[in-house]
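Peer 1: Sequence first, predicted model second:
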Amino acid sequence: MQHRRTGKTLDRKTAPRRALLRGLATSVILYEHVNTTLAKAKAVKPLVERMITKGKVKTLNSRRQIARVLMTETAVNKVLEELGPRYAKRAGGYTRIIKLGARKGDGAQVAQIQLVK
């Protein structure tokens, strides 16, 4: 039974899944768009949205909370210095997912997750 269990497992144990999502969130923030599978894009979207929301408030506490998730200091700085002010007046919805079709090798649905301009 799956009562009160939220989120996708992505066919991984907890630690590898967290590492995957942290790395993917860091890439989305650094490069502002990443091609990945549709399931991974849907799983990482709330994480990226939360980081940008925390980046709107530029405090030491928010810096530490963002650094706990993102893997590089440059990504943390980008959230606080660039993305926080960019989306200051926007009340959520900082990312979009664009479906790109099926991957040739295994037929997996590929999507691009990108930050809204």
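Peer 2: Sure thing, it's come through. None of the values given here were measured: they were computed from a predicted structure.
Peer 1: ranges for the helices of this structure?
Peer 2: 14-31, 38-55, 60-69, 73-78, 84-86 (DSSP state H).
Peer 1: Mind giving me the packing neighbours of the third one?
Peer 2: In this structure, helix 60-69 packs against helix 38-55, helix 73-78, with contacts taken as 3 or more CB pairs under 8 Å, 6 or more residues apart in numbering; DSSP states H and E. For glycine as for every other residue, the C-beta is placed from the backbone atoms N, C-alpha and C.
Peer 1: Point out where the protein drops to low pLDDT.
Peer 2: In the predicted model of the chain, no residue satisfies pLDDT under 70.
Peer 1: Mind doing that once more with 90?
Peer 2: By pLDDT under 90, the low-scoring segments of the chain are 1-2, 4-7, 117.
Peer 1: Go through the helices and strands packed on helix 60-69 and name the closest to residue 116.
Peer 2: helix 38-55 (10.2 Å; CB to CB).
Peer 1: Determine the angle, from 0 to 180 degrees, between that closest one and helix 60-69.
Peer 2: Counting by axes from the mean of the first three to the mean of the last three CA atoms, to 10 degrees, helix 38-55 lies at 160 degrees to helix 60-69.
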